[in-house]
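[1] mind looking at a prediction? Sequence and model below.
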Amino acid sequence: MSEVDQCLLDTSRGGPLSPAAMHTLTLCGSAGWSDPSGVSSQSRRASDLLSAAHNSLASSLAPLTASTVLIRPGGGHALADALTGLLAGVSTPDATATLVVTAIDHSATLRVARWWRSQGHPTITIGVDALGHIDAQALLEAALVTGPTVVCLQLANGEVGTLQDVAAIVEQLSAAGVPTMLDVTASAGRISIPGGWSVLAADAVSWGGPRGTGVLVVAAGSPWRAPEPAIASEQPVSLIVAAASALEAAEAERAVESARAWAQIARIRDDVQRHIPDVVIAGDPQRRLPHVLTLSALYVDGESLVRALDERGISVGSGSACASDSGEPSHVLAAMGVLTGGNVRLCLPLGCSDAAIDRFISAFPAALAGLREAAPIPSVDGGVASPGPTVQNDAMDATAEPQAWYDERGSRCPAPVIALARAVFVRPPGTVVAVMASDPAAETDIPAWCRLRGAEYLGTRPPRDGGDGLAYLVRTPLQS
């Protein structure tokens, strides 16, 4: 199938440039090519274009905030510099800052958090519920302590779309003098951005701008300090101007685009809920980004599902939306306690057509059915289930003696979950079974499967042969 025939439905890591960005790049090819730091007439022209682009980006991203715009080579770089600069500016010789992040933050943010913790500095990670909402009370309690503190917040998660009540949280933090880094890498150009933050990071990809163009906005009076050694951005002027032009266009059409994307995602959600069994829709169904959707299908591998859809002309994503493919389960879905295997991610491009949505709705059931037929289980029943509360460790009973053991070590998920599904079919109700697994995704997916199927998750113990991995203990449903 040719590229022309391919239907792109995931732009979380990059997509085609918007018409405004393409037009601007063409114009800048003859005017913005020179070094803006020079003194020639061409350099002055490039400098003027760059200055106008910075002003435009500031006006679009922070219309009510006096701020400074800095360009970084990608949204992840903007997040890392935003956070390290804020930590440097808040820390004192007598007290380093306490860093508060959430479990579903962007991978770039979490890398900085791991580094900060490795330096011996206090770092607190706030959990989320099954829909991806952060525990706001826990975050405020962690942030409003004696000593310097920095808080990281996502306006919305780019993988499951869940919106956070950022305005209310930032208002309380600002009143207490606690600086906030706001991550809008998935939401800028798509929804309105509240104020009150100290530093903001965005990614031009989210509004149809050039990939590799991150935007860091520093509010006036922010304690942010440029990380050392400071390295000036060498992004081409044309890319920065194109990013600004694309954002202006996206903001002008935001209401129309939001309504269209909301309706298109709602169509997919409704079709899945009505017609496709054993698929979980992640995130809040109402308080969400209009254009983002993640589906997790039982009993299939996400990468295989992406390939099956690609063969049908549909390009979607899988795994974490903000990290390169590492073979690890999505940290966002794992933090939420929902299925990490078999997931498909949609991040609709601006101007997505209804015909593209029709193609996905037609292709998804066939692609999924083909994979399930390749590794059948005795019974695939049920429908779309809402995730229950996260299983608490203190409620588990891993001392129960298993009556059957299944060894799936060395196999990737969904193999351990398929073993459980088969056990339910062949074992009497109430039987305690143990599935030995080494894939880290099993830690999330087996408890999630239990909630979906009404089985009792009892916890883990070492494998009976003392080998690698863990044995996951499950009591089969009393009614199979």
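    Received the coordinates, thanks.

[2] how about the nearest residue to residue 414 once chain neighbours are set aside, secondary structure?
    Once flanking residues are discounted, residue 414 sits nearest to residue 341: 4.8 Å by Cβ to Cβ, 6 or more residues apart in numbering. Any C-beta I mention is one placed from the backbone N, CA and C, and that applies to glycine too. Classification of residue 341 by DSSP: H, G, I helix; E, B strand; the rest coil places it in coil.

[3] need the contact list for residue 341.
    296, 300-302, 329, 413-414, 417, 441, 445 (Cβ atoms under 8 Å, 6 or more residues apart in numbering).

[4] make it 7 Å
    296, 301-302, 413-414, 417, 441, 445 (Cβ atoms under 7 Å, 6 or more residues apart in numbering).

[5] quick one: the most centrally placed residue in the chain from residue 78, how far?
    Nearest to the mean C-alpha position of the chain, counting by Cα atoms, centre = their mean, stands residue 159 at 3.2 Å. When distance is defined by Cβ to Cβ, to the nearest Å, residue 159 is 18 Å away from residue 78.

[6] which parts of this structure are helices?
    19-28, 41-61, 75-90, 107-118, 136-143, 166-175, 237-252, 254-275, 302-311, 331-336, 354-374, 415-426, 442-453 (DSSP state H).

[7] re earlier: among the contacts of residue 341, which has the minimum pLDDT value?
    Ranked by pLDDT, the contacts of residue 341 bottom out at residue 413 (85).

[8] for residue 214, find the nearest of the helices of the chain.
    Of all the helices of the chain, it is helix 75-90 that lies closest to residue 214, at 3.3 Å by Cβ to Cβ.

[9] tell me the mean pLDDT for the closest one?
    In the prediction, helix 75-90 has an average pLDDT of 96.

[10] that helix: which residues count as buried?
    Within helix 75-90, the residues that qualify as buried by neighbour count (16 or more other Cβ atoms under 10 Å) are 75-90.

[11] same check, this time on stretch 450-464
    Within stretch 450-464, the residues that qualify as buried are 450-453, 455-461, 463, counting by 16+ other Cβ under 10 Å.

[12] and the two most separated of those?
    So, the buried residues of stretch 450-464 by Cβ to Cβ: farthest apart are 452 and 463, at 24.9 Å.

[13] look up the pLDDT of residue 421 for me, please.
    88.

[14] neighbours of it, just the number please.
    Residue 421: 20 surrounding residues under other Cβ atoms under 10 Å.

[15] repeat that for the one 5 residues further on.
    Taking other Cβ under 10 Å as the criterion, the count of residues near residue 426 is 12.

[16] and the one 4 residues further on, by the same measure?
    Taking other Cβ under 10 Å as the criterion, the count of residues near residue 430 is 13.

[17] can you check the one 5 residues further on too?
    A count of nearby residues for residue 435, using other Cβ under 10 Å, gives 26.

[18] so what sits opposite it in the bridge?
    Beta bridges link residue 435 to residue 406, residue 472 when assigned by DSSP bridges.

[19] give me the pLDDT for it.
    With respect to pLDDT, residue 435 has a value of 94.

[20] can you check residue 101 too?
    pLDDT at residue 101 comes out at 97.

[21] from residue 43, how far off is the residue nearest to residue 414?
    53 Å.

[22] over to residue 24?
    Distance of residue 24 to residue 43, given as Cβ to Cβ: 19 Å.

[23] more neighbours: these two, which one.
    Taking other Cβ under 10 Å, residue 24 and residue 43 do not tie; residue 24 has more neighbours (28 against 14).

[24] my guess is the more buried one contacts residue 241. True?
    Yes: with contact defined as Cβ atoms under 7 Å, residue 24 and residue 241 form a contacting pair (5.6 Å).

[25] follow-up on the earlier one: want to try TSV for the helices of the chain, with distance to residue 282 as columns?
    Shown next, in TSV, are those (distance: least, Cβ to Cβ, whole Å):
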stretch	distance to residue 282
helix 19-28	30
helix 41-61	27
helix 75-90	21
helix 107-118	17
helix 136-143	20
helix 166-175	20
helix 237-252	25
helix 254-275	11
helix 302-311	12
helix 331-336	6
helix 354-374	15
helix 415-426	16
helix 442-453	11
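
[26] residue 9: which of the ones you listed is closest?
    Residue 9 lies closest, by Cβ to Cβ, to one member of the helices of the chain: helix 354-374, at 6.0 Å.

[27] what's the closest one packed up against?
    When contacts are defined as 3 or more Cβ pairs under 7 Å, 6 or more residues apart in numbering; DSSP states H and E, helix 354-374 packs onto helix 254-275, helix 302-311, strand 314-315.

[28] swap the cut-off to 8 Å and go again
    strand 7-8, helix 254-275, helix 302-311, strand 314-315 (3 or more Cβ pairs under 8 Å, 6 or more residues apart in numbering; DSSP states H and E).

[29] still on that earlier bit, of all the helices of the chain, which one comes closest to residue 12?
    Residue 12 lies closest, by Cβ to Cβ, to one member of the helices of the chain: helix 75-90, at 10.3 Å.

[30] restricting to C-alpha, output that closest one in CSV.
    Coordinates of each C-alpha in helix 75-90 appear next as CSV, following Å, rounded to 0.1, in the frame of the first residue of the first chain:
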residue,chain,number,x,y,z
GLY,A,75,9.5,18.8,23.6
GLY,A,76,11.5,16.4,25.8
HIS,A,77,14.5,18.8,25.8
ALA,A,78,12.2,21.7,26.7
LEU,A,79,10.8,19.7,29.6
ALA,A,80,14.2,18.7,30.8
ASP,A,81,15.6,22.2,30.7
ALA,A,82,12.5,23.7,32.2
LEU,A,83,12.7,21.4,35.2
THR,A,84,16.5,21.4,35.8
GLY,A,85,16.5,25.2,35.5
LEU,A,86,13.7,25.5,38.0
LEU,A,87,15.4,23.1,40.4
ALA,A,88,18.6,25.1,40.1
GLY,A,89,16.8,28.4,40.7
VAL,A,90,14.9,27.2,43.7
